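Chemist: Provided below for reference: sequence and predicted model.
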Amino acid sequence: MTRLSVNVNKIATLRNSRGGNNPNLIQVALDCERFGAQGITVHPRPDERHIRYADVYALKEVIKTEFNIEGNPEGKFIDLVKEVKPHQVTLVPDPPGAITSNAGWNTIKYIDFLKEVVQDFKACGIRVSIFVDPQEQMIEGAAEAGADRVELYTEPYAKTYLTDKTKAIAEYIVAAQKAAALGLGLNAGHDLDLNNLKYLKDTLSNLDEVSIGHALICDALYYGLENTIQMYLKELN
């Protein structure tokens, strides 16, 4: 079964736009769990423009499914993850001003850094996933760094899917096979939605987890949050 982790960053963005606590991020996360989501993902950034560091601590107290924290492994983020001890940390190479994640790690160039970070987190009992482009060499580097999983960056898949889904999935099939051969778990995320999710899941038989935020929250404006989560789960299973 491929698990659905709901990224609640957009809920925090909406809350922060007016101040106060509406919508209530914690309640939305709990509702996502209640409606069937098997995990909650957050991606705190240094400027706290959506998820705040305080949100991460508050969510840790109440989340009963899998808690996944994404981010660039630098000082404050590393300290946060080691204190909170989520089930999974996903290492993403975001520059400070990035609007959203737009590339995976060059695991060859940064192998020494990634080895150190991965070892540090795993020593705390945290599963480590590395965000990578669907390239065999990058997956090999993630394995060498000691990661437990890789998360495939799926924006290129989502864009090409609209015109040629066979071409869109081709390099992801190779990447998934490489991950399996190296004993790595497989996650995926970025621009996945109700149009392209089922094909990805059906084609990549070893897909453990998808992390979806923007599209799911947009769909919830039309279909309602509970119904939307059920729709995504139906596409996955």
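Modeler: Thanks, I have the structure now. Numbers count the residues shown, from 1 in each chain.
Chemist: Touching stretch 152-171 from outside, list them.
Modeler: With contacts defined as C-beta atoms under 8 Å, 6 or more residues apart in numbering, stretch 152-171 is touched by 101-104, 131-135, 172, 175-176, 186-193, 195-196, 199-200, 203. Backbone N, C-alpha and C define where each C-beta goes, glycine included.
Chemist: Ignore what I typed, I meant stretch 111-131.
Modeler: Residues contacting stretch 111-131 (C-beta under 8 Å, 6+ apart): 68, 70, 73, 78, 81-82, 85-93, 101, 104-105, 107, 141-142, 144-151, 153, 185, 187, 189.
Chemist: What's the PyMOL line that selects buried ones from these?
Modeler: In PyMOL syntax, the buried subset of those is picked out as below (16 or more other C-beta atoms under 10 Å):
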select buried, resi 68+70+73+78+81+86+88+89+90+91+92+93+101+104+105+107+141+142+145+146+147+148+149+150+151+153+185+187+189
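Chemist: Any stretches of this protein with poor pLDDT?
Modeler: 95-101 (pLDDT under 70).
Chemist: how about the helices of it, start to end?
Modeler: 9-18, 25-34, 53-62, 75-84, 111-122, 136-145, 155-161, 165-181, 197-203, 214-223, 225-236 (DSSP state H).
Chemist: just the CA coordinates of the fourth one, formatted as CSV?
Modeler: So that's helix 75-84. C-alpha atoms of helix 75-84 as CSV (Å, rounded to 0.1, in the frame of the first residue of the first chain):
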residue,chain,number,x,y,z
GLY,A,75,21.7,24.6,12.0
LYS,A,76,18.2,25.5,13.4
PHE,A,77,16.5,22.9,11.3
ILE,A,78,18.8,20.1,12.5
ASP,A,79,18.3,21.2,16.1
LEU,A,80,14.5,21.2,15.6
VAL,A,81,14.4,17.7,14.1
LYS,A,82,16.6,16.2,16.7
GLU,A,83,14.4,17.6,19.5
VAL,A,84,11.1,16.7,17.9
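Chemist: Number the chain from 842, please
Modeler: Sure, I'll start numbering at 842, so the last one becomes helix 916-925.
Chemist: now the residue nearest to G1026 when sequence neighbours are not counted: how far from A899?
Modeler: Spatial nearest neighbour of G1026, chain neighbours left out: R990 (3.6 Å); criterion: C-beta to C-beta, 6 or more residues apart in numbering. According to C-beta to C-beta, to the nearest Å, R990 and A899 sit 26 Å apart.
Chemist: Repeat that for F954.
Modeler: 30 Å.
Chemist: likewise Q1071?
Modeler: 26 Å.
Chemist: now swap in E1067 and tell me
Modeler: E1067 is 22 Å from A899, by C-beta to C-beta.
Chemist: again, but for F972
Modeler: 25 Å.
Chemist: Over to C1059?
Modeler: 25 Å.
Chemist: so who does M842 touch?
Modeler: For M842, the contacting residues are L1077, N1078, by C-beta under 8 Å, 6+ apart.
Chemist: let's see it at 10 Å
Modeler: Q879, K1042, L1048, D1049, E1050, L1074, L1077, N1078 (C-beta atoms under 10 Å, 6 or more residues apart in numbering).
Chemist: likewise V922?
Modeler: Counting by C-beta under 10 Å, 6+ apart, V922 has contacts 885, 897, 910-912, 914, 929-930, 932, 958, 961-962, 965, 967, 969.
Chemist: D872: which of those residues is nearest?
Modeler: V897 (18.2 Å; C-beta to C-beta).
Chemist: Tell me how many other residues surround that closest one.
Modeler: For V897, the neighbour count with other C-beta atoms under 10 Å is 20.
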